[in-house]
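A.B. asks: for reference, the sequence and a predicted model appear below.
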Amino acid sequence: MPILTITIDAIEPFAAGQSFGDAGSYLRIKGIAKGGIDPAVPQNRVIADLDKAPRNARGMIEYETDFFILRPAELHRTKSILVYDVTNRGRKMIFNLLDDAAGNANTNNPTTADDAGLAFTLSRGYTLVWSGWDSGAPRANNGMTARLPAALENGEPIVRRIRDEFHIGTRAPGEGDVVRLNYPAIWTDRRRARLTVRDRESDNRSEIPSECWEFVDRQTIRLLPVATNFAPYKIYDLWYEATGSSVPGAGFAATRDLVSFLRYEEADPKGTRNPMTVDGGRAGSPPIAHALAFGVSQAGRFLRHFVELGMNDDGRGRRVFDGLLTHVAGAGKVFANHSFAMPGRTATQHEDRLYPENWFPFGNAVTTDPFSGKTGAILKGRPTDPLMIEVNTSTEYWQKAASLVHTVPSGLRDAELPPTARVYMIAGTQHGGRPGTDPSPGPCINPRNPNSATPALRALFVALEEWVRNGIAPPSSRAPSIAQGTAVLAEAMKMPTVAGFAAPPEANRIGPPVDWVDPPARLDNFYGTRVCAIDSDGNEVAGVKLPPIAVPLGTYTGWNVYRAQPRELCDRDGSLIPFACTRTEREAVGDPRPSLEERYGSRKTYVAHFEAAAAALVTDRLLLPADAEAYVRAAKECDRF
């Protein structure tokens, strides 16, 4: 049994015993799972550097992972569905993305009903499970992590020359004079290291002389003289001899083993009962009928990688997850099954572009890679393959090669998805869009896009549950199509000319993986990525068009542009350019897009269109009735009329 011991640190009522619909009250269960990976099992040989990990007396490679469970106190009375929310850099995500929890909710250590937001997941009776998989995830603010085995050579930590890229003012704070490295250096002699800077990823690097910077300690550097800030929006690279690498791919096995244990086992080898059977559950096998997985951004890429590695087979021919839903993962996986992995990195046009994230196969349709000649798919037709729903926003088509999930890699035609997979683009939304998204431009030129994809996610998660439980297939895929002329080259886009509105540069171009330590000076081979076609307003014409896009008040995009680097896409932000209220206002600024007055005439007409759009989505099972009602209420209160 891969799980060696389960230690339960606490079992306590959640939300003071408050009842959540038919599911009743919930329990909070926290603990640690200790597991062992057998390196002799062929299924485990996909884990990089496993041969470098220390072994216990039984020849097993050990790890520990934190786990946190919210489950109905009387689990046997519910639908018995386990939902595993993959942590994102140690953070729990499902209450933010499916339950619209408020920004001040303590979603990383939920104790009150407010922390569960709308309580959509709890009211449906789901058992929610989280665990650590990334040993580098921060533990601050109740972050979840794992203790993974070290990678050793001759009994000592391995040493490699690596490249550590960093940026100030994009994903890091706007200014700073020190930088924390991903791994400690084996020495602090800066003459043995190399530091460079450039404005854009495609620019040549400029050397920073060794007398102009120094190691503060083995894992921190700074510029000289002391207190000199690193320049914002520039790209810095440091090459140095690093140590301290673990076997990060063991995090995939830790997830596999824990979920399998919770689904199928009565107790660990020492007799500690499965948390699914204690305090209200029946003795014996855990009453878990199905397991679903939910992953957002990095966590979604983790799930795609998890399936690709064959981890959905628990080693005994049993399925780990019956179905999974990824959101905003694009066509990527995670830099997590490599020596000196850095799972927190995510590639965009300006940041982290040369690190491993996008590699063939990109989707669940069987296709051929034009560069390697390999043929394959993430889903391989194995009995243990899960049902998969992949959801992306417009941003992933511009920054994350999302079109490759449903086209052939050349981008010349649509791919034929298997019946076990669905793909949806939520039109006019940005990567991190959710209620409360800051609409200010931030580091971008255009105001950011506040439109949220979460109502569609709730409907699609219900569709996934019905698919797994009852065999009811989800709605047909809704994504840009080459055959229908709605998946187009980014350079063919013609946005309306609006004063003060920055138009997009080219989309992020995705090529085969390169040597991330010593990447080539230029990239020559690229896949045929596409973006969604737009109408005369600049709004997208395909995908799931939620009411704010079907009946728009402005132009909503999934891309934006850096103010400091106007030739570079602004990380994963979108744009919103509102329509003028009246024709007079529109003509005064030369806006070619019809005003609200010209489009709708009155609030009554606008609301009627909104109601019709919401009702159509409910009929298509792409919006839940409660969310349709909320949309219509908001339309009636719109202050633009």
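C.D. replies: Yes, it's here. Fair warning: this is a prediction, and the values are worked out from it, not measured in the lab. Numbers count the residues shown, from 1 in each chain.
A.B. asks: residue contacts, T5?
C.D. replies: When contacts are counted by Cβ atoms under 8 Å, 6 or more residues apart in numbering, T5 touches 33-34, 268-270, 272. Any C-beta I mention is one placed from the backbone N, CA and C, and that applies to glycine too.
A.B. asks: from those, which would you call buried?
C.D. replies: 33-34, 268 (16 or more other Cβ atoms under 10 Å).
A.B. asks: format those as TSV; extra columns: secondary structure and distance to T454.
C.D. replies: Formatted as TSV, those follow (DSSP: H, G, I helix; E, B strand; the rest coil; distance: Cβ to Cβ, whole Å):
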residue	secondary structure	distance to T454
A33	strand	30
K34	strand	36
D268	coil	37
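A.B. asks: out of the residues you listed, who's nearest R89?
C.D. replies: A33 (20.1 Å; Cβ to Cβ).
A.B. asks: surely the closest one and I69 touch.
C.D. replies: No - A33 is beyond contact range of I69, at 11.0 Å (criterion: Cβ atoms under 8 Å).
A.B. asks: related to what we said a few turns ago, from the buried ones among the contacts of T5, which is closest to L309?
C.D. replies: A33 (19.6 Å).
A.B. asks: tell me the contacts of the closest one?
C.D. replies: A33 sits next to 3, 5-7, 64-65, 67, 131, 254, 257-258, 261 when contact means Cβ under 8 Å, 6+ apart.
A.B. asks: with D217 instead?
C.D. replies: T188.
A.B. asks: pLDDT weak spots in this protein?
C.D. replies: By pLDDT under 70, the low-scoring segments of the chain are 1, 278-285.
A.B. asks: is E201 in contact with D352, as I believe?
C.D. replies: No - E201 is beyond contact range of D352, at 9.1 Å (criterion: Cβ under 8 Å).
A.B. asks: if we can go back for a sec, I'd like the buried ones among the contacts of T5 as JSON lines, with distance to P513 appended.
C.D. replies: Output for these, formatted as JSON lines (distance: Cβ to Cβ, whole Å):
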{"residue": "A33", "distance to P513": "32"}
{"residue": "K34", "distance to P513": "34"}
{"residue": "D268", "distance to P513": "39"}
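A.B. asks: count the neighbours of the residue nearest to R218 when sequence neighbours are not counted for me.
C.D. replies: Excluding the flanking residues, the one nearest R218 by Cβ to Cβ, 6 or more residues apart in numbering is P184, at 4.1 Å. Residues near P184, counting by other Cβ atoms under 10 Å, number 15.
A.B. asks: which residues touch P184?
C.D. replies: Counted by Cβ under 8 Å, 6+ apart, P184 has contacts 218-219, 242-244.
A.B. asks: ok, residues contacting stretch 625-637?
C.D. replies: In contact with stretch 625-637 (Cβ under 8 Å, 6+ apart) are residues 455, 458-459, 546-548, 551, 603, 606-607, 610-611, 614-615, 617-618, 623.
A.B. asks: so what's the closest residue to P138 other than its chain neighbours up against?
C.D. replies: The shortest distance from P138 to any non-neighbouring residue, by Cβ to Cβ, 6+ apart, is to G90 (5.4 Å). By Cβ under 8 Å, 6+ apart, the residues touching G90 are 108, 132, 134, 137-139, 143-145.
A.B. asks: repeat for A402
C.D. replies: Contacts of A402 by Cβ under 8 Å, 6+ apart are 330-331, 392, 396, 425.
A.B. asks: check these and tell me the two furthest apart.
C.D. replies: Pairwise across the contacts of A402, and taking Cβ to Cβ, the largest span is found between A331 and M425, at 12.7 Å.
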